[in-house]
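1. Fold the following, please.
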Amino acid sequence: MAERWIVTLIAGLLGLMIGSFLNVCSIRWPRNQSVVHPGSHCPGCGDPVRWYDNVPVLSWLALRGRCRDCDMSISTQYPLAELTSGLVWAGLFWTHGLTPEAARGAIFLTLLFGIALSDAHFYIIPDQFSLGGTGLGLGLAFLPRGVTAIESAIGIVGGYVTLWLIGVGGTWLIRKLRPGRLEEVNVDRALGGGDVKMIAMVGAFLGLWGVVTTIFLGSVVAVLVFGPISALTRRLIPLGIFLAAGAAVSYTWGDALLTWYRTNILMT
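-> Okay, the predicted model is just below:
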C-alpha cells in the first residue's frame, strides 16, 4: 500500500508539471508560437516569470493570482489546468498502478484536455495535439493491454474517414437548407480539419468502437449544451471540446457502455 501511495504521489506531481506545460502549449501552439522561447512571462508587462513563481498551483496561490511585477490578474485557467492534470495522473496511477496502461491513459487524457483548452480559446486544434497524439497512440498500442496495433490503425483510418464524411455531408446539408449560413460565420465547411484529425487520434488510442462512442456522445452533448447558444449567437460549435469529453467518457467507461448496449439494445 505504501508503494502505491508513493507511485500516486510522484505521478500527481508529474501531472502538475505537465499541466503547467500544457497551459503554454494550449495558448502558444494555436498562435504558431514556440513553446520553448521565450520563456514564461507576464502577458501584461512582459517580465520573465521567476522560477519560484512558476511552481504549479502554489505560486498562483502565493501571488493571489497576480503578477509580482505589474499586479496584472493571472487567469484561473493556469492553476485549474495544473490541478486537473495532476489529479488525472494521480488517479490513473492509483487505479492501474505502475503499468503501461496508466501511462497510456494519462497521456491520452492530457492530450484531450489540451485540445479542449485550445478549442475553447481559439477554435483551433493544433496538429501537435492531434497528429502528434495519433503517432503516440499508435506507438503505445504496441504495449501490453489496451487496443492492439491493428485496432489502433483501424481506429485511425476509420475515425478520420467517418468524421470527414460527416463533415462533407453536413456542409452539403447546411448549404442546401441554409444558404449563406457558413459565410455568415466566415467558414467554408461544417467541420474543421482539426476535428477530423483529432478523431483519428482518438481512434489511435481507443480503436474504432471508441471512435463511434466518442462521436455519438460528443455530438449529443454539443447539441444539448451549445446548440441553443449557437442558435442565438450564430457561432459554430467548438466541437473539439465535446469530442474530448466524449473520448474521455469512452476511455473511462467504454467497456461498460458496450456491455449495456449489447445487453439492452442488441438483445431486445
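
2. Check the gap between residue 118 and residue 129 for me.
-> 7 Å (C-beta to C-beta, to the nearest Å). Bear in mind the C-beta positions are built from the backbone N, C-alpha and C, glycine included.

3. So these two - more neighbours on which side?
-> When residue 118 and residue 129 are compared on other C-beta atoms under 10 Å, the one with more neighbours turns out to be residue 129, at 31 against 28.

4. measure that one to residue 47 for me?
-> In this structure, residue 129 lies at 29 Å from residue 47, with C-beta to C-beta as the measure.

5. same deal with residue 54?
-> Relative to residue 47, residue 54 is positioned 13 Å away (criterion: C-beta to C-beta).

6. Likewise for residue 13?
-> Applying C-beta to C-beta to residue 13 and residue 47 gives a distance of 27 Å.

7. Break down this protein into its helices, ranges please.
-> Remark: helices assigned in the chain by DSSP state H are 2-28, 58-62, 77-96, 100-122, 127-140, 149-177, 181-184, 193-225, 227-233, 239-261.

8. Alpha carbons only: can I get the fifth one in PDB?
-> Below are the C-alpha coordinates for helix 127-140, written out as PDB (Å, rounded to 0.1, in the frame of the first residue of the first chain):
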ATOM      1  CA  ASP A 127      -1.600  19.500 -35.100                       C
ATOM      2  CA  GLN A 128       0.800  18.900 -32.300                       C
ATOM      3  CA  PHE A 129      -2.000  17.600 -30.200                       C
ATOM      4  CA  SER A 130      -3.900  15.700 -33.000                       C
ATOM      5  CA  LEU A 131      -1.200  14.400 -35.300                       C
ATOM      6  CA  GLY A 132       1.400  14.100 -32.600                       C
ATOM      7  CA  GLY A 133      -1.200  12.300 -30.400                       C
ATOM      8  CA  THR A 134      -2.000  10.000 -33.300                       C
ATOM      9  CA  GLY A 135       1.600   8.900 -33.500                       C
ATOM     10  CA  LEU A 136       1.800   8.500 -29.800                       C
ATOM     11  CA  GLY A 137      -1.400   6.400 -29.700                       C
ATOM     12  CA  LEU A 138      -0.200   4.100 -32.400                       C
ATOM     13  CA  GLY A 139       3.200   3.700 -30.800                       C
ATOM     14  CA  LEU A 140       1.700   3.000 -27.300                       C
END
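
9. ok so, going back, anything in contact with each of residue 118 and residue 129?
-> When contacts are counted by C-beta atoms under 8 Å, 6 or more residues apart in numbering, residue 118 and residue 129 are jointly contacted by residue 29.

10. Look at residue 251 and say how many residues are nearby.
-> By the measure other C-beta under 10 Å, the count of residues near residue 251 is 22.

11. Do I have it right that it meets residue 211?
-> No - with contact defined as C-beta atoms under 8 Å, residue 251 and residue 211 do not form a contacting pair (11.8 Å).

12. roughly how far apart are the residue nearest the centre of the chain and residue 137?
-> Centroid-nearest residue in the chain: residue 112, 1.7 Å away (criterion: C-alpha atoms, centre = their mean). When C-beta to C-beta is the yardstick, residue 112 and residue 137 sit 11 Å from each other.

13. Residue 198 reaches residue 129, doesn't it?
-> Yes - applying C-beta under 8 Å as the test, residue 198 and residue 129 come out as touching, 7.4 Å apart.

14. quick one: common contacting residues for these two?
-> In terms of C-beta under 8 Å, 6+ apart, residue 198 and residue 129 are both contacted by the residues residue 115.

15. who touches residue 161 in this structure?
-> Listed by C-beta under 8 Å, 6+ apart, residue 161 has no contact partners.

16. swap in residue 198?
-> Under the criterion of C-beta under 8 Å, 6+ apart, the neighbours of residue 198 are 115, 125, 129-130, 240, 243-244.

17. ok, of the residues you listed, which come out buried?
-> Judged by neighbour count, with 16 or more other C-beta atoms under 10 Å as the criterion, the buried members of the contacts of residue 198 are 115, 125, 129-130, 240, 243-244.

18. which secondary element of this structure has the worst mean pLDDT?
-> In the chain, no helix or strand scores lower on mean pLDDT, DSSP states H and E than helix 181-184, which sits at a mean of 56.
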